[in-house]
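>>> Provided below for reference: sequence and predicted model.
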Amino acid sequence: MGEVHRSVQELAASLGALPPEFVRPEHEQPAATTFPGGAAPDAPVIDLSEPRCGARVAAAAREWGLFQVVNHGVPSPVVAELQRVGRAFFSLPREEKDRYAMDPASGRIEGYGTRLQRDLEGKKTWNDFFFHVVAPPEKVDHGAWPRSPAGYREANEAYCCHVQRLARELLGHLSLGLGLEEGAMAEAFGGGDLVFLQKINLYPPCPQPELTLGVAPHTDMSTLTVLVPNEVQGLQVFKDGHWYDAKYVPDALIIHIGDQIEIFSNGAYKAVLHRTTVSKEKTRMSWPVFVEPPGELVVGPHPQLVSGESPAKYKARKYKEYQHCKINKLPM
C-alpha cells in the first residue's frame, strides 16, 4: 500500500489507519516508552547572554548531550522567514516538489525525499524532508535548492550566516569546558571549512501516532546540530534509561551534541540519543542544521584529553569513512 505513494505527506491525506509497516516494535512505541510526565526533568535551557553561560553549555553537553539556547543572537524575523519558506515548499503540488527529488543512485543526495524506505527491521518512519548544503560557498549547489517559493534562497542564506556565528560560539564554550584553548575544537573540525547542511523535516498528522515514530532513535553523525522546531511537541531525548520530551520553548534553538564532539572529547561530552514522535491532529516541522567536518578531515580524541589514566576510547578516522560506516551500519 505504502509503495503507491510518493511521500508520507500524500499517504497521510488518504489514511484512516496506520499501515503495518509503520507500526514500531512494542519496545519503541511512544505510548509504551515515554516517561509519564509529572516529575520528568527538563533538558537545560541556557541564556547565552549570561556571563556564566559557557560553563552551563559544557555541563549540559556532559549530562544531557542536548540543551536549548535563548538570547542566541539569531533575530526572530530571520527564523520566521526560514520557517515560512519551508512551509511554503511543502505546500507546493507534488509535481513541483518532485522536480527536486533526491536520487542517491545517480549521486544526487541533496533534495526532496521521504522515509518510505524500510529500515533493517522492515519498518518505515513518518517523515518527509528537504536537504541541501548551505555553506561553505564552494560546496553549495544552488541547482538543488527550490526556485519556489520566492525568497527561499535569501531566507536560508541569511539564517545560515547567524548559525555559523552561533556554532563558533558554542564550539568555543565546549572547548574551554574541556580545559582547551577556545579555538581548539573549531580548528580540529576544519575551521573555515566546516560544512553546514540545512534540512527541513515534515511530520504530517498521523492516524495512530502512539504506534509509530517520525525518526527512529539515533545520534547525529555531525559535530553539533542547531535545530529550529515548530510549536508541535515531538523531540524526545533518552537519558538514564528513559525517553523524555524536550519541551517546546518559544524562541529557543535546540542544540544536539553529535558523534564527532563525543569522539573529540574522548567521551567527556555525550552525543544525544534522540527520536521524534508525531501528532494525530497537527503537522510537526523542524529545521536542523548539521555542522560537519570536511569529509577528508581526520577526527579523533584531542591529544590533551588522552593519557595513561584516560586512554583513547575512539579511533581517529576521516569523517567520510565514519559516515560510510554509520550509514551502512558497519563496525567502527
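Great, that's in hand.

>>> what about the chain, any weak spots by pLDDT?
1-6, 37-39, 107, 115-121 (pLDDT under 70).

>>> go ahead and flag the most central residue of it.
Pro288 (4.7 Å; CA atoms, centre = their mean).

>>> what are the ranges of the strands in this protein?
Ranges of strands in the chain, per DSSP state E, are 45-47, 66-70, 111-114, 128-135, 195-203, 215-218, 224-229, 235-239, 242-245, 253-257, 274-276, 284-292, 298-299, 317-318.

>>> the second one pairs with which strands?
In the sheet, strand 66-70 lines up against strand 45-47 (parallel), strand 253-257 (antiparallel) (DSSP bridges).

>>> can you check the last one too?
Here strand 317-318 is paired, per DSSP bridges, with strand 298-299 (antiparallel).

>>> now render the strands of the chain as JSON lines, adding distance to Phe35.
Heads up, the C-betas are built off the backbone N, CA and C, glycines and all. Below are those laid out as JSON lines (distance: least, CB to CB, whole Å):
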{"stretch": "strand 45-47", "distance to Phe35": "18"}
{"stretch": "strand 66-70", "distance to Phe35": "15"}
{"stretch": "strand 111-114", "distance to Phe35": "30"}
{"stretch": "strand 128-135", "distance to Phe35": "27"}
{"stretch": "strand 195-203", "distance to Phe35": "21"}
{"stretch": "strand 215-218", "distance to Phe35": "14"}
{"stretch": "strand 224-229", "distance to Phe35": "19"}
{"stretch": "strand 235-239", "distance to Phe35": "9"}
{"stretch": "strand 242-245", "distance to Phe35": "4"}
{"stretch": "strand 253-257", "distance to Phe35": "18"}
{"stretch": "strand 274-276", "distance to Phe35": "13"}
{"stretch": "strand 284-292", "distance to Phe35": "19"}
{"stretch": "strand 298-299", "distance to Phe35": "33"}
{"stretch": "strand 317-318", "distance to Phe35": "35"}
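
>>> give me whichever of those is most buried.
strand 253-257 (a mean of 26; mean count of other CB atoms under 10 Å).

>>> other residues contacting that one?
The contact list for strand 253-257, computed with CB atoms under 8 Å, 6 or more residues apart in numbering, reads 61, 65-69, 72, 74, 166, 170, 220, 222, 224-229, 235, 246, 269-272, 274, 288.

>>> try it again with 6 Å
Contacts with strand 253-257, where a contact means CB atoms under 6 Å, 6 or more residues apart in numbering, come from 61, 65-69, 72, 220, 224-227, 269, 271-272.

>>> quick one, it and strand 284-292 angle?
50 degrees (axes from the mean of the first three to the mean of the last three CA atoms, to 10 degrees).

>>> CA-only coordinates of strand 253-257, as PDB, when you get a sec.
Only the C-alpha atoms of strand 253-257 are listed here, as PDB (Å, rounded to 0.1, in the frame of the first residue of the first chain):
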ATOM      1  CA  LEU A 253      17.100  26.900  19.400                       C
ATOM      2  CA  ILE A 254      17.800  23.300  20.300                       C
ATOM      3  CA  ILE A 255      21.400  22.100  20.300                       C
ATOM      4  CA  HIS A 256      22.300  18.500  19.800                       C
ATOM      5  CA  ILE A 257      25.800  17.200  20.600                       C
END
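
>>> what about Gly267, how many neighbours?
The local packing count at Gly267 equals 16, with neighbours defined by other CB atoms under 10 Å.

>>> repeat for Pro77
9.

>>> with that, I have no additional questions.
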